[in-house]
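**Student:** Pasted the sequence and its predicted model underneath.
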Amino acid sequence: MTNFAGLMKLGKNILLTLVLLCSAASVNLFSQAVPSKDENIPFLVTFGKQGETSWGDDDFYQVWFFSIPRDFKQQFYIRVFDPDCGGEHDEIQGEFNTRTLFSVYGGKGVDPDQNEESKGLLNGLNYKGGTMLASRVFGTEARYDNKYFTFGPFNPTAGDYNKKWNVYMFKLVIEGISGDDGNLYRFFMSRDPNNNIPVEGGNAFTYEYTFRMWNDFRSVAHIYPYVDTGVVFVKQRNFDWDDDGSILVVSRYKQGLVGIHSGQNDWKESRVGIEPAEIGGSLDFQFHKKQGELVKNNNVVITIENQYGEALPFYSSPIGGVPVYQAKISVTRVPKPK
């Protein structure tokens, strides 16, 4: 009986371990999707350069970075879901006529810590620092609609080495080079050209996030800016929110600070103080849609900078994990009755 009980206990422990490992693998599976599962954002969006900014894109391009750990020795791929503009997910204006250029860069000049212009926050062609490794223009080709196109393979050492994070960095620039429609798409950094298999320890980030909200009252979108050492406050700026509800800031310290949000085709900004407990981790900016009449196909732009005007990166896999508010419970000692 004792041996049987011991075997049963061992079996339960093994089962629990397998469950935990499967759960961890499941989390990792989504960690290099852009947007990630935790962000709950359906698509990124870039309009053709003849588009109207009132449709939710302030500059008609996006810049994304992919980081590869230095000890990762295999080749990798950047997969783009639905890169064409003319199908199921894209936003039509009249008739589809938009062409979108996707370009992958590596080498010196990519690392935004060393090249401020690489962040893509300054208008012009200065965000194209580095060496172009691959590029392709997509129009209305039906064969790419609702499917992946794969760039690569790329060798990690072809990236720009960042000593602070001990990673090689690559950059993907997306430009609406003609037309006025909205191209909606997603990414995945993968070890396989035909399947989404994550690169262990990899991540993706941007400094100006242009994305589509779900057409759902109950859906909440999240973005996760990383707060580095020395930050006292951050300034969030959002564009073309269309007064579509509220923006809440959550962290281990904040339960839901309300941020100022924009109307149509304008920018609004507000400051958020940073507590010592929030340094070295990510904030959670939550986008809650208003109830009542549904605002459909809402495209939003957001940037965040510190007190020195330096842009903060938004990581698809938040550094330190998704922040969860931890209520502080104070205990007052009650004196014993005399």
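**Tutor:** Received the coordinates, thanks.

**Student:** Domain-wise, how is this protein divided?
**Tutor:** For the chain, automatic domain parsing gives the domain ranges 32-212, 215-326.

**Student:** Where among those is average confidence lowest?
**Tutor:** Mean pLDDT per stretch puts domain 215-326 lowest among the domains of the chain, at a mean of 92.

**Student:** Mean neighbour count added to the domains of the chain, as TSV?
**Tutor:** Where C-beta positions appear, they are placed from N, C-alpha and C, glycine not excepted. Converted to TSV, those look like this (neighbours: other CB atoms under 10 Å):
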stretch	mean neighbour count
domain 32-212	19
domain 215-326	17
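
**Student:** can you give me the helices in the protein?
**Tutor:** With DSSP state H as the criterion, the chain has helices at 2-29.

**Student:** For the stretch 101-250 of the chain, just list every one of the strands.
**Tutor:** Counting by DSSP state E, counting those that start in this stretch, the stretch 101-250 of the chain has strands at residues 131-138, 148-154, 160-162, 167-178, 182-190, 203-206, 209-212, 220-223, 226-227, 233-239, 246-250.

**Student:** Export these to CSV and append columns for distance to Lys119.
**Tutor:** Output for the strands of the stretch 101-250 of the chain, formatted as CSV (distance: least, CB to CB, whole Å):
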stretch, distance to Lys119
strand 131-138, 18
strand 148-154, 21
strand 160-162, 13
strand 167-178, 10
strand 182-190, 18
strand 203-206, 9
strand 209-212, 12
strand 220-223, 16
strand 226-227, 14
strand 233-239, 14
strand 246-250, 22
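
**Student:** out of these, nearest to Gln32?
**Tutor:** Gln32 sits nearest to strand 182-190 of all the strands of the stretch 101-250 of the chain, at 4.5 Å, using CB to CB.

**Student:** Extract the C-alpha set from the closest one and format it as PDB.
**Tutor:** Written as PDB, here are the backbone C-alpha positions of strand 182-190 (Å, rounded to 0.1, in the frame of the first residue of the first chain):
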ATOM      1  CA  GLY A 182      -5.300  51.100 -45.000                       C
ATOM      2  CA  ASN A 183      -3.100  48.000 -45.000                       C
ATOM      3  CA  LEU A 184      -3.700  45.800 -41.900                       C
ATOM      4  CA  TYR A 185      -1.100  43.200 -41.100                       C
ATOM      5  CA  ARG A 186       0.700  41.300 -38.400                       C
ATOM      6  CA  PHE A 187       4.200  39.800 -37.800                       C
ATOM      7  CA  PHE A 188       5.800  36.700 -36.400                       C
ATOM      8  CA  MET A 189       9.600  36.200 -35.800                       C
ATOM      9  CA  SER A 190      10.200  32.500 -36.300                       C
END
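
**Student:** Report all helices and strands that it contacts.
**Tutor:** For strand 182-190, the packing partners by 3 or more CB pairs under 8 Å, 6 or more residues apart in numbering; DSSP states H and E come out as strand 33-34, strand 43-47, strand 76-81, strand 167-178.

**Student:** With distance to Gly280 added, can I get these in CSV?
**Tutor:** Output for the helices and strands packed on strand 182-190, formatted as CSV (distance: least, CB to CB, whole Å):
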stretch, distance to Gly280
strand 33-34, 23
strand 43-47, 27
strand 76-81, 27
strand 167-178, 17
